Structure formats: C-alpha cells, structure tokens
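S.K.: coordinates only, sequence not included:
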C-alpha cells in the first residue's frame, strides 16, 4: 500500500514539482547547499567547478538509499548543527583543499538526502519527488557556483563571509527552536 505524499507541500505540479519546491521550503537543506557552495567558492576554481556535479549525484544516491528505510530518520538536531558548522567554516574562511572539501560536501549531501528519502519512503511519487529535488539542487548549485566563481573582487569575498554568518545565525535559531519544541 502506498500513501499520499504527506512530507511534501502540494504545489499542483505533481510529485516532481513538489520535490523541486521542497528544496526551497526546507530551510536546513537550502542553507546546507548554499553554505557548501560558499565554501567551494572560497576554496577556488577546482572546487566550485566540481561541486555542481557532486552535490546532485550525492543527493540522488543518499535519497535512493533513504527511500529503502522503513521509517523516517529523525536527525533534525544533528543536521541543523552540521549546517551551523558549515556556516562557521565559511565565516572563519578556513581553507579546505579539494581532497577534503569535496568528500565532506558529498558526505553531507548524502546524509541530508538519506534523511529526506527516509521521510518519503513508502509514499507514491516518492521517486519523482526525489528526482525533482535533485534537479533543483543541480540548477541551484550550478547557478550559484558560476555567479560567485573566482576570481572575484574583495567586496565579494567579504560578502561570502557575511553569507556564512547568516547561515550560522539561522542554524543557531533553528537549534533553539528544536530545543524548545522537540519532535
């Protein structure tokens, strides 16, 4: 028996469109992806060129594994803390080289997708929703990586760090909310 998609906001575009919209309606996932793009831009051209291919592939793989989970994985606090850590890495401009940054980004994307896939497991249209979200991730990361690609002026480097501080602050606010209202 398949269930209607209870973990997606209906957009009227079917499961595919609901999956695409899910990325922009889940603040933790969106902040993670933006933070990883900012980290890759700070690391330089090799990372920012490879990340738009890596993140959707890792997301798809993690999501497919998550679809096989019998019950949703509840890792909201852990995932939100990881987003805060990514934002902090951007703020502090800690130099991560491609051999470290790319596996870290792929692992985080896979973990978040595993959680998202487990929330969709057993629902009709879950695969289409996962594919829609994967396409949205590919488009978002490609556009951001190319728009912010180095070399960039000094003011943009400062702007990247400000973006990281906003990601960290939003994540800390979400952690406070989760502490006050446990799931």
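M.R.: Okay, I see it. Because the structure is a prediction, the values reported are computed rather than measured. Numbering: from 1, shown residues only.

S.K.: which helix is the longest one in this structure?
M.R.: Of all the segments of type helix in the chain, defined by DSSP state H, the longest one is helix 154-180.

S.K.: Next, the buried residues of it.
M.R.: Along helix 154-180, the positions that meet the burial threshold by neighbour count (16 or more other CB atoms under 10 Å) are 160, 163-164, 167-168, 170-172, 174-175, 178. Backbone N, C-alpha and C define where each C-beta goes, glycine included.

S.K.: now stretch 113-125
M.R.: Judged by neighbour count (16+ other CB under 10 Å), stretch 113-125 contains these buried residues: 113-121, 123, 125.

S.K.: same for the strand or helix carrying residue 21, what does it pack against?
M.R.: When elements are defined using DSSP states H and E, residue 21 is found to belong to helix 14-25. Counting contacts by 3 or more CB pairs under 8 Å, 6 or more residues apart in numbering; DSSP states H and E, the secondary-structure elements packed against helix 14-25 are helix 27-43, helix 126-147.

S.K.: can you pull the buried residues of the last one?
M.R.: Judged by neighbour count using 16+ other CB under 10 Å, the buried positions of helix 126-147 are 126-138, 140-142, 144-145.

S.K.: What of the shortest one?
M.R.: Residues of helix 27-43 classed as buried under the neighbour-count rule (16+ other CB under 10 Å) are 28-43.

S.K.: immediately after it, which helix or strand?
M.R.: Following the chain from helix 27-43 toward its C-terminal end, the next helix or strand by DSSP H and E is helix 45-67.

S.K.: so what's the residue lying closest to residue 26 once chain neighbours are set aside up against?
M.R.: Of all residues beyond its chain neighbours, the one nearest residue 26 is residue 116 (7.7 Å), with distances taken as CB to CB, 6 or more residues apart in numbering. Contacts for residue 116 were tallied using CB atoms under 8 Å, 6 or more residues apart in numbering; they are 22, 26, 29, 62-63, 66, 130, 133.

S.K.: that older thread, for residue 71, find the nearest of the helices and strands packed on helix 14-25.
M.R.: Closest of those to residue 71 is helix 126-147, at 13.9 Å (criterion: CB to CB).
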